[in-house]
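1. no sequence on this one, just coordinates:
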């Protein structure tokens, strides 16, 4: 996370009585005018990867889901076979491959022209599989389509875990776009434990990357606004928010209805 990229993030607090999180649900809205080229609005982050939407250029947008390899390298071609992320399945129109530069692993994306002001839903499943592996699967819901779509399912070796560290982040990944501000709202976060019980996440800690913490940039903000969490960065604004501040939003008490047995 060097100075070429700019991150602000929210870490969600899971209730202490919840041991094993198998599912993570989130909703994301990018206001009109905030959908700046070079933005990655990451909704469902977890200990081993991330899942969200990007503005890749003036003409292309993507849904992106990636899982890190347990082998620490920036060169995906150097990963030994036993450490490689394995693709289990992917959705229609989804491209999969390897990624590098800031760690390495398995990546999937779907070119999709998502719209500002629309609220998109993200669903992630993670849990132990055979032979000390963990499987992660991501689904995306676009209101203009009205159904859950599979993005991809990956198997991570040498890992046996349920979902840890649910979080979201907002990233500028094009240095030249740093003078232009961007913002997104994250709302109605829920996790489901291995007993099938839903738990709403309404507490979050605002954090930022090393670039922000050494004051290379100061235009970072996050918090609660009109009952939703938000993240904001870039644009050289002055009303910054102190890092590591805890925020609480009012609970929606609107548990999503999802028939897990009918997901693609």
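-> Here it is on my side, so go on. Because the structure is a prediction, the values reported are computed rather than measured. Numbers count the residues shown, from 1 in each chain.

2. so where's the stretch 1-150 of the chain shaky on pLDDT?
-> Regions of the stretch 1-150 of the chain meeting the criterion pLDDT under 70 cover residues 1-4.

3. next helix or strand past the host helix or strand of residue 169?
-> Residue 169 is located in strand 167-172, with elements delineated by DSSP states H and E. Moving toward the C-terminus from strand 167-172, the next helix or strand (DSSP H and E) is strand 182-193.

4. Which strands border that next one, and is each parallel or antiparallel?
-> When pairing is defined by DSSP bridges, strand 182-193 lines up against strand 21-29 (antiparallel), strand 198-201 (antiparallel), strand 228-233 (antiparallel).

5. Which residues does the last one contact?
-> Spelled out, it's strand 228-233. Contacts to strand 228-233, defined as CB atoms under 8 Å, 6 or more residues apart in numbering, come from residues 6-10, 29, 168-170, 172, 181-187, 189, 204, 206, 208, 217, 219-224, 247, 249. For every residue, glycine as well, the C-beta is placed using N, CA and C.

6. now these: which count as buried?
-> Neighbour counting by 16 or more other CB atoms under 10 Å classes 6-10, 29, 168-170, 172, 181-187, 189, 204, 206, 208, 217, 219-224, 247, 249 among those as buried.

7. can you count the residues close to the closest residue to residue 63 other than its chain neighbours?
-> Using CB to CB, 6 or more residues apart in numbering and skipping the chain neighbours, the partner closest in space to residue 63 is residue 110 (4.6 Å). Neighbourhood size, residue 110 [other CB atoms under 10 Å]: 21.

8. roughly how far is stretch 88-107 from the heart of the chain?
-> Put simply, stretch 88-107 sits 15 Å off its chain's centre (CA atoms, centre = their mean, to the nearest Å).

9. in whichever helix or strand the residue nearest to residue 63 is part of, what counts as buried?
-> Per DSSP H and E: residue 110 is located in strand 105-111. If you call a residue buried by 16+ other CB under 10 Å, then strand 105-111 has these buried ones: 105, 106, 107, 108, 109, 110.

10. what distance separates it from the centre of its chain?
-> Counting by CA atoms, centre = their mean, strand 105-111 comes out at 13 Å from the chain centroid.

11. Remind me what it packs against, helices and strands.
-> strand 61-68, strand 86-90, strand 94-99, strand 147-156 (3 or more CB pairs under 8 Å, 6 or more residues apart in numbering; DSSP states H and E).
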